[in-house]
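1. The sequence and its predicted three-dimensional model are supplied below.
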Amino acid sequence: MMEQGKVKIFRFDPDKDKAPHYETYSFPFENGMTVLDVLLYVRNHTDSTLSFTYCCRNGHCGLCGVIANKVPCLSCHEAAVQELTIDPLDKQTVVRDLLIEQSIYTSRIGKLKLFMCREKTDALVRPEFISTESFEPIKIASRCVECKCCDAACPLEIGEDKFLGPSGFVLLTRHFLDPRDELDRNYLLKDGNIEHCIHCGRCTRVCPHNVDPENMISRLQAHR
Ligand code: SF4
Ligand code: SF4
Ligand code: FES
């Protein structure tokens, strides 16, 4: 007989509920299933009102972040265990259940000028040389899928006029450390209060793509 698992899921429907609460569901547990498989089982077999986001099921769209047993993770990437508690990502506004508001994050990130800025050089001169050494951190930062798991793990308060958050600094690294970029981005580090980082490494421990946000923040601090 197939083993049964038990999952406790954060539920909140602002149209109906006065406050968030948990609901517990059973699911058929199989080795190799992911946290997302559990959510899909509950939605498809038990409660079709359960809301959450996902797209690629392959670790790349960054849309399926949740907190599983107190650890931020990509639900399509994280192996399920028989006893699970699933919460929405911390530091985000919950729209409903595990669904989080994306527009607050995208508007904050939109201010970071995440494009290559050429003010002095003739951008039409091709090809442009970039050394392997300079390219390495840019390549690593480019693996970020903006899942915001690192932000959820960070003990600092993140937001407008507060700490930018590890995910924002990772995105900034791609341009800040690019020798071809000509914009002085130091003011973005100051505005993002980079000095608030306490280098606890929690962001690095949860990153599903081994981007090492703490190291990226150290590189930015050393580079300015
Ligand atoms: S650095 Fe890692 S944890 Fe943070 S948003 Fe990017 S992929 Fe996600
Ligand atoms: S190392 Fe810095 S950015 Fe990362 S979790 Fe700790 S305080 Fe937050
Ligand atoms: S569903 Fe795309 S990263 Fe998980």
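-> That came through, no problem. Ligands and ions are numbered 1, 2, ... in the order given.

2. For the rest of this, base every contact and every neighbour count on C-alpha atoms.
-> Fine.

3. Could you check how far the lowest-mean-pLDDT helix or strand in the chain is from the centre of its chain?
-> Lowest on mean pLDDT, DSSP states H and E among the helices and strands of the chain sits helix 103-110, with a mean of 88. On the basis of C-alpha atoms, centre = their mean, to the nearest Å, helix 103-110 sits 13 Å off its chain's mean C-alpha point.

4. what does it contact?
-> For helix 103-110, contacts defined as C-alpha atoms under 8 Å, 6 or more residues apart in numbering pick out 159, 160, 168.

5. Would you format those as a markdown table with pLDDT and neighbour count included?
-> Listed next are these as a markdown table, based on pLDDT from 0 to 100; neighbours: other C-alpha atoms under 10 Å:
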| residue | pLDDT | neighbour count |
| --- | --- | --- |
| 159 | 88 | 15 |
| 160 | 84 | 13 |
| 168 | 96 | 23 |
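
6. Filter those residues down to just the ones in helices.
-> Per DSSP state H, helices hold the following members of the contacts of helix 103-110: residue 168.

7. With adjacent residues omitted, what lies nearest to the most centrally placed residue in the chain?
-> Against the mean C-alpha coordinate of the chain, by C-alpha atoms, centre = their mean, the closest residue is residue 148 at 1.7 Å. Excluding the flanking residues, the one nearest residue 148 by C-alpha to C-alpha, 6 or more residues apart in numbering is residue 167, at 6.2 Å.
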